[in-house]
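Participant: Predicted model, plus sequence, below.
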Amino acid sequence: MTHRIPDTHPAISRLRQAVEAKYGAIDSSQKIVLLAENELHNRLNPDTIRRIWGVRHVASRTIYRSSLDILCAYVGYRDWEHFVSSTATDTGDSGLSARCGGVELKALRVGQQIDLVWQPNRSMQIQYEGENHFTILEVVNSSTLQAGDEFDCVQIEVQVPAVLSHLHHAGVDLGEYIIGRGNGLSEVFIR
């Protein structure tokens, strides 16, 4: 299970809406503190709430799943995974969870971005360049891959390892590199 969720995950905005539907608009620091103290019983730091609402910007672009679990429980869901699967929409949500398939590469537009998550606690954001070619924009917890690397990939699917062919890393062709080798990709989000 992934411990950090990209802050761009489409379900995070739905979670903010659900919290505000129950609590009211979160439009001030005072309301954030009151939510943390009175409603969440100090189980979530006000700074974390500020990050989730985009009020506090930090270098990290991920949110701990445990923080999201607390907010999901507040609005009546068992946890983050339950919230995502229960609130996914066919039309407005381009995120794919472990219960869904993968990316239809023929349908991608040049410049479209995709977030990939795999174990142990790794993720990367890639951009489609056309002809099954991608550029890595950001990587979390990988000692090999880095922003700027390029590769070809013909299949991006949840629960299936992704084979990065012709991986160009620091100007060198490393050949084939596999991510999610053990359990495949755990999550795929199309932006």
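Facilitator: Arrived safely.
Participant: name the element Ala25 belongs to?
Facilitator: Take DSSP states H and E as the rule and Ala25 turns out to sit in neither a helix nor a strand.
Participant: Can you tell me the number of residues neighbouring the nearest residue in space to Arg61 that is not next to it in sequence?
Facilitator: Computed as CB to CB, 6 or more residues apart in numbering, the closest residue to Arg61 that is not its neighbour in sequence is Asp7, at 5.1 Å. Where you see a C-beta, it was placed from the backbone N, CA and C, and this is true even at glycine. Neighbours of Asp7 under the rule other CB atoms under 10 Å: 15.
Participant: List the residues that contact Asp7.
Facilitator: Arg51, Ile52, Gly54, Arg61, Thr62, Ile63 (CB atoms under 8 Å, 6 or more residues apart in numbering).
Participant: same for the strand or helix carrying the first one, what does it pack against?
Facilitator: For Arg51, the enclosing helix or strand under DSSP H and E is helix 46-52. Judged by 3 or more CB pairs under 8 Å, 6 or more residues apart in numbering; DSSP states H and E, the packing partners of helix 46-52 are helix 10-23, helix 29-34, strand 62-64, helix 65-74.
Participant: next one: the first one to chain centre, how far?
Facilitator: Put plainly, it is helix 10-23. Centre-to-centre, helix 10-23 and its host chain are 16 Å apart (CA atoms, centre = their mean, to the nearest Å).
Participant: Top of the contacts of Asp7 by number of neighbours, please.
Facilitator: Most neighbours among these, by other CB under 10 Å: Ile52, with 21 neighbours.
Participant: May I have the beta-bridge partners of the closest residue to that residue other than its chain neighbours?
Facilitator: In space, and not counting its chain neighbours, Ile52 is closest to Ile63: 6.0 Å by CB to CB, 6+ apart. Note on Ile63: beta-bridge partners by DSSP bridges are Ile5.
Participant: ok, Ile63 touching Ile12?
Facilitator: Yes - taking contacts as CB atoms under 8 Å, Ile63 lies within contact range of Ile12: 7.2 Å.
Participant: For Gly148, find the nearest of the helices and strands packed on helix 46-52.
Facilitator: With respect to Gly148, and counting by CB to CB, the nearest of the helices and strands packed on helix 46-52 is strand 62-64 at 20.0 Å.
Participant: what packs against that closest one?
Facilitator: strand 4-6, helix 46-52.
Participant: which of those sits most buried?
Facilitator: strand 4-6 (a mean of 22; mean count of other CB atoms under 10 Å).
Participant: If you count contacts, what does that strand end up packed against?
Facilitator: strand 62-64, helix 65-74, strand 122-130.
Participant: List the contacts of Ser86.
Facilitator: Ser86 touches Tyr77, counting by CB under 8 Å, 6+ apart.
Participant: at 10 Å what do you get?
Facilitator: Applying CB atoms under 10 Å, 6 or more residues apart in numbering to Ser86 gives the contacts Ala11, Arg14, Cys72, Gly76, Tyr77, Arg78.
Participant: Mark out where each domain of the chain begins and ends.
Facilitator: Per automatic domain parsing, the structural domains of the chain span 4-93, 102-190.
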